[in-house]
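Peer 1: sequence isn't available, so here's the structure alone:
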């Protein structure tokens, strides 16, 4: 049990697949930076999906709960669980309430990889040719199909945005203070760089 596995489709897994060894993630990152020290090729069309940072923060919380339940279920059934998922069982912010979790995030920094700011992942929004709101994902796919002159319709199930099944928390659960903390402290750089 608790062994890292190569990509394995698992419909019950909120991630959609098991992560591969870190080598695959490293190779993707390395390939981005091996373009004569330039992030973008001169002819590249830069496309990004943006998301409201408060909604994104809530999604991290909901996703973390979903992953914790998924790991617990697999352990209960004596099924394999990737080692990289075990941390979902030990995330201290899951059991303190959503508004206390905001304060915890403010105090200790990023809760998990999913909670990193959009700016940290993608840089300044101004560098992109096209930016779509998460709710416009299908428009993004249409643009890419048009630019590439290719249809993804037969692969559509593989290019959908991840959806959290359990919406334990919504904006209505956050106090004004928590929302302000998310906007002005936790994800301030997102708002300052065009992602908010």
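Peer 2: Right, received. Where do you want to start? The model shown is predicted, which means the values in this text are computed figures rather than measured ones.
Peer 1: immediately after the worst-scoring helix or strand of the chain on mean pLDDT, which helix or strand?
Peer 2: Sorted by mean pLDDT, DSSP states H and E, the helices and strands of the chain end with helix 22-33, the least confident at a mean of 50. Where DSSP states H and E defines the elements, the next helix or strand beyond helix 22-33 is strand 47-50.
Peer 1: counting by contacts, list what that following strand packs against.
Peer 2: strand 130-133, helix 137-148 (3 or more C-beta pairs under 8 Å, 6 or more residues apart in numbering; DSSP states H and E). In short, each C-beta sits where N, CA and C put it, glycine included.
Peer 1: and these, which one averages the lowest pLDDT?
Peer 2: Per-stretch mean pLDDT for the helices and strands packed on strand 47-50 is lowest at helix 137-148 (a mean of 84).
Peer 1: what's the longest helix in the protein?
Peer 2: In the chain, with assignment by DSSP state H, the single longest helix is helix 53-76.
Peer 1: now it: buried residues?
Peer 2: 53-54, 56-68, 70-71, 74 (16 or more other C-beta atoms under 10 Å).
Peer 1: before we move on, what about stretch 83-96?
Peer 2: For stretch 83-96, using 16+ other C-beta under 10 Å, the buried residues are 85, 88, 91, 93-94.
Peer 1: and that stretch, how far out from the chain middle?
Peer 2: 16 Å (C-alpha atoms, centre = their mean, to the nearest Å).
Peer 1: before we move on, what about stretch 189-196?
Peer 2: 16 Å.
Peer 1: can you list the neighbours in contact with that stretch?
Peer 2: 50-53, 117-120, 122-126, 131, 183-184, 187 (C-beta atoms under 8 Å, 6 or more residues apart in numbering).
Peer 1: buried ones in it?
Peer 2: Buried-residue list, stretch 189-196, by 16+ other C-beta under 10 Å: 190, 193-196.
Peer 1: among these, which ones are in helices?
Peer 2: Counting by DSSP H, the buried residues of stretch 189-196 contribute residue 190 to helices.
Peer 1: quick one: least confident of the buried residues of stretch 189-196?
Peer 2: Among the buried residues of stretch 189-196, residue 196 has the lowest pLDDT, at 82.
Peer 1: which residue, other than its chain neighbours, is closest to residue 170?
Peer 2: Of all residues not flanking residue 170 in the chain, residue 58 sits nearest, at 6.7 Å (C-beta to C-beta, 6 or more residues apart in numbering).
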